[in-house]
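Engineer: My questions are about this predicted structure, shown below with the sequence.
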Amino acid sequence: MHFLEPELLWSLWFAPLIAGIYLVLLRRRRRHVLTFSSLGLVHEALGKVSWWRRHLPPTLIFLALLLCLLALARPMARVTLPADYMTLVLSMDVSRSMLAEDVEPNRMQAAQKAAKEFLQELPVKARVAIVSFAGTAQVVQHVTDRREDWLAAIDRFQLQRGTATGSGLLLALSTLRPEADIPLESILYGSAASRNPGESRGQSLDGRRPPTKELPAVAPGSYTAGAIILLSDGRRTTGPDPIEAAQLAARLGVKVYTVAFGTPHGFIPGFEGYSFFTQVDEETLKKIALITEAEFFKASSAQELKLIYQHLSTQFTLERKDTEISALLAAAAAVLVVLALALSLWWFRAGWPALSAQRA
């Protein structure tokens, strides 16, 4: 918890002052002497009042005062609330290594099934775009809230050669934050792209043409209107550096959740006359998640991937945000005051009329 106006916390010094005044009044009350014909009449009128009943209502009033003093400083707390609106971009590896059969029936079919189940469990207000990447990256489905379009896009995946993880991440970022105007052509294909379209050469983001609309850098992970989920089962073989792409995502505040899919000994048996091993680049995916203030997951089976997607679904259904709770503290203080008055009337109302009659 933190406070928007912490300088007002000095008002808490009033609390011990008021507690001291209450104790002084108690001592003066003991010294105050009233004349009655018999003390028995007093005890009979007051009844048996326990020590804690006598002091509980003032204690509740004191706690209410503390809450009001804290509310003056405008406290902020991180609370979990239902997400009203979110755009997700699912970026999935469709390189031919996804044919590996270490995950039954193979990585591609298991990933498609888990992705469909994940998309169907998203909240009603969620919007989704789907990007696939191998040697290049493409938007399979633009941002929409139509679930049938999401599922159809997953079925349209076509396996290709190569693994351009950085391209998949950059295209997903451009889809999520189009206002950033990321120059994808010059980044993905280099400065020679306009002269020689057949030359597919990526270049560093440090040397790219600056965006036409420069957005101010924000804190990593601070963008709450959307996120990227990146699933890959192999190592980058072409395209821009995914770490530099992650740094760009971090400057835009976008979280990139990464999923490493497959086992260390996955292989494709008899593909085009060859059999070769495929191994996921966990270290790069971990760094991407770390840079963007997101999470890294590892799945070596279809069931593990399903559990990861279920966890992510919960993440996106409920969002955590800093919220001012001054009104909540003030309401709690009001409840304590009402409770104190109600208890006082309930416990002591019978004795007051009788005692007043004896005095008269």
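Structural biologist: On my side now, so go ahead.

Engineer: Show me the shaky parts of the stretch 101-250 of the chain.
Structural biologist: Applying pLDDT under 70 to the stretch 101-250 of the chain flags the ranges 190-214.

Engineer: can we see that at 50?
Structural biologist: 191-203, 207-212 (pLDDT under 50).

Engineer: in it, which spans are helices?
Structural biologist: 107-120, 147-155, 165-176, 184-189, 242-251 (DSSP state H, counting those that start in this stretch).

Engineer: packing partners for the second one?
Structural biologist: Put plainly, it is helix 147-155. Here helix 147-155 touches helix 107-120, strand 126-133, strand 137-144, going by 3 or more CB pairs under 8 Å, 6 or more residues apart in numbering; DSSP states H and E. Where you see a C-beta, it was placed from the backbone N, CA and C, and this is true even at glycine.

Engineer: Output these in CSV, with distance to residue 179 appended to each entry.
Structural biologist: Output for those, formatted as CSV (distance: least, CB to CB, whole Å):
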stretch, distance to residue 179
helix 107-120, 25
strand 126-133, 15
strand 137-144, 13
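
Engineer: winner for burial among the helices of the stretch 101-250 of the chain?
Structural biologist: helix 165-176 (a mean of 27; mean count of other CB atoms under 10 Å).

Engineer: Quick one: list the elements packing against that helix.
Structural biologist: On a contact count with 3+ CB pairs under 8 Å, 6+ apart, helix 165-176 meets strand 86-93, strand 126-133, strand 137-144, helix 184-189, strand 226-232, helix 242-251.

Engineer: From the chain's centroid, how far away is the shortest one?
Structural biologist: Centre-to-centre, helix 184-189 and its host chain are 32 Å apart (CA atoms, centre = their mean, to the nearest Å).

Engineer: next one: the first one
Structural biologist: Mean C-alpha position of strand 86-93 versus that of the full chain (CA atoms, centre = their mean) differs by 16 Å.

Engineer: Tell me which residues are up against that strand.
Structural biologist: By CB atoms under 8 Å, 6 or more residues apart in numbering, the surrounding residues in contact with strand 86-93 are 111, 115, 119, 122-123, 125-134, 137, 143, 157, 163, 165, 168-169, 171-173, 175-176, 225-234, 261, 316, 319.

Engineer: can you check the last one too?
Structural biologist: Contacts to helix 242-251, defined as CB under 8 Å, 6+ apart, come from residues 165-166, 169-170, 173, 182, 204-206, 217-218, 220-221, 228, 236, 255-256, 284, 287-288, 291-293.

Engineer: Among the residues you listed, which are located in strands?
Structural biologist: Using DSSP state E, the members of those that fall in strands are 228, 256.

Engineer: of the contacts of helix 242-251, buried ones?
Structural biologist: For these, a burial check counting by 16 or more other CB atoms under 10 Å picks out 165-166, 169-170, 173, 182, 205, 220-221, 228, 236, 255-256, 284, 287-288, 291-293.

Engineer: Surely residue 138 is in contact with residue 168?
Structural biologist: No. Counting by CB atoms under 8 Å, residue 138 stays clear of residue 168, with 9.3 Å between them.

Engineer: Need the overlap of contacts for the two.
Structural biologist: 131, 132.

Engineer: For residue 144, see how far away residue 72 is.
Structural biologist: According to CB to CB, to the nearest Å, residue 72 stands 47 Å off from residue 144.

Engineer: And the helix or strand hosting residue 28, what does it pack against?
Structural biologist: Assigned by DSSP states H and E, residue 28 belongs to helix 14-31. Contact here means 3+ CB pairs under 8 Å, 6+ apart; on that basis helix 14-31 packs against helix 51-72.
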